[in-house]
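Peer 1: Let's see this in three dimensions:
(2 chains)
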Amino acid sequence: MKFKDYYKTMGVPEDASADEIKKAYRTLARKHHPDLNKDEEAADKFKELAEANEVLKDPAKRAEYDQIRKYGASAGEEFAPPSGWRSGAEFSGGGYTTADAAEFSDFFETLFGQHAARKTYAGAGTGGPPFAIRGEDIHYRIPVTLEESYKGSTRGISLQTHRFDDAGRASPETRTLNVKIPKGVIQGQKIRLRGQGGAGFGGAPNGDLYMEVELEPHPLFSVDGRDVTLVLPVAPWEAALGATAKVPTLGGTVNLTIAPGAQSGQKLRLKGRGLPGSANGDQYVVLKIVMPAVDSAEDRALMEKMRRQMPFNPRETLGV
Amino acid sequence: MAKQTEVVTGEIVDETVRYGLKEVCEVCGVHAECVVELVEAGIIVPRGNQPSTWRFSVLSVMRSRKALRLQRDLEINIPGIAVTLDLLDEMESLRDQVKSLRQHLDKLQR
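Peer 2: I've put the predicted structure just below:
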């Protein structure tokens, strides 16, 4: 077990006043709160912060912690409490703690008792009736390809959670699950798997697992909700004269009719060919006129002929 | 080591209403008053006109939990939470839009 320097976590000096600690906590909490900050590390940072605050904001716990700190431990070092160490801090509950206390570290639990965190959390006074806490919810971001969303799929995922033994001690556990990714999931959508979160304590139900869909970038399509967009390159003569072009869609290749006189940037709609849903999304096709290589003398002559025959100022709208 | 090979199917978190007030309280670990407060502030909107007939969506349940976390961890009051949640929703939707537009732009430029 590593020693934790709560002062360092909070970025305050050892002799910081209660007000300074409060202010430091508030500032850092806003920065790292997992509901406000989507970075993967934010949740861990916040957990550390909440734990540090739980100790430093409470004069009794802080005094005990300071004693241990004086006893010679420093951050990151292997730490074992002095023999016979017993916390005298009263966990007299009443209201919330500042954190999901079931998440506190072994270090915290060794100093302040295994149940201390959870007791505080439950708001049950010491010596109160047995308490029970619903397991934590787990949030998991699941990368999904467009093809998977289009067809639906099943995916194996592994999760870090913890379970409680009879003594109420949490131990980490890696769980693998096969989860179904329903057809037509879209960016940011959440899937709730009831009871698949962290284990409940004292007979309380398990938490839930929330999987947030993160659509992976696709080489051909961009996505907006259920609609997908494809940029379709067309030759100048296809645009001028009209054409039938083969177009990839999520459901396979289709033929698209391009009307004569098409322009670059023109948007065509293939109704219902986006992601499936109660109302299917559409596929948009944006035309992009691309030039062939003009290499030979004949090619250049043809271009020259166009220039002579088709007076055209493409920059007219710019007023030049 | 028993292996879990069965496939777990979840529910999509959307506006479909599924839960009564009691279930929301259980999931959130709070008293009914707390949930009523969230409803009164317009943070979550149940179907039904009185607490006994209220039905909530999973989205509302998630929103409630988020609201309660913000209240607990950051000591934000209820009107503050309402504003925060609205801004977070807007941020998320803008973020998704930027992502989508960026992808489109990439494809136009190559």
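Peer 1: mind showing which ranges of the stretch 1-150 of chain A have poor pLDDT?
Peer 2: Scanning the stretch 1-150 of chain A for pLDDT under 70 picks out the ranges A:72-103, A:113-131.
Peer 1: separation between the residue positioned nearest the centre of chain B and B:I44?
Peer 2: Centroid-nearest residue in chain B, with Cα atoms, centre = their mean: B:R63, separated by 2.5 Å. Counting by Cβ to Cβ, to the nearest Å, the gap from B:R63 to B:I44 is 5 Å. In short, each C-beta sits where N, CA and C put it, glycine included.
Peer 1: Give the residue spans of chain B that score low on pLDDT.
Peer 2: B:1-5.
Peer 1: The residue nearest to the centre of chain B falls within a helix, correct?
Peer 2: Yes - per DSSP: H, G, I helix; E, B strand; the rest coil, B:R63 lies within a helix segment.
Peer 1: In stretch B:36-49, which residues are buried?
Peer 2: Buried residues in stretch B:36-49, counted by 16 or more other Cβ atoms under 10 Å in any protein chain shown: B:E37, B:L38, B:V39, B:A41, B:I43, B:I44, B:P46.
Peer 1: Just the buried residues of the helix ranked longest in chain B, please?
Peer 2: Using DSSP state H, we find that the single longest helix of chain B is helix B:78-109. For helix B:78-109, burial by neighbour count (16+ other Cβ under 10 Å) applies to B:I81, B:A82, B:T84, B:L85, B:D96, B:K99, B:S100, B:Q103, B:H104, B:K107.
Peer 1: What of stretch A:275-288?
Peer 2: In stretch A:275-288, counting by 16+ other Cβ under 10 Å, buried: A:L275, A:P276, A:G281, A:D282, A:Q283, A:Y284, A:V285, A:V286, A:L287, A:K288.
Peer 1: Kindly export that stretch (C-alpha atoms) in CSV.
Peer 2: Provided in CSV are the C-alpha atoms of stretch A:275-288 (Å, rounded to 0.1, in the frame of the first residue of the first chain):
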residue,chain,number,x,y,z
LEU,A,275,-28.9,4.4,-39.8
PRO,A,276,-32.0,2.4,-39.0
GLY,A,277,-34.5,3.6,-36.4
SER,A,278,-38.2,4.1,-35.8
ALA,A,279,-37.7,6.6,-38.7
ASN,A,280,-34.6,5.6,-40.7
GLY,A,281,-32.0,8.1,-41.3
ASP,A,282,-31.1,9.3,-44.8
GLN,A,283,-27.9,9.1,-46.8
TYR,A,284,-26.8,12.4,-48.4
VAL,A,285,-24.5,12.4,-51.3
VAL,A,286,-22.5,15.5,-51.9
LEU,A,287,-21.1,15.9,-55.4
LYS,A,288,-17.5,16.8,-55.8
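Peer 1: what's next to that stretch, contact-wise?
Peer 2: Outside of stretch A:275-288, the residues within contact range by Cβ atoms under 8 Å, 6 or more residues apart in numbering or on different chains are A:146, A:149-150, A:183-186, A:221, A:223, A:225-234, A:239, A:247, A:249-250, A:256, A:258, A:262-274, B:104, B:108.
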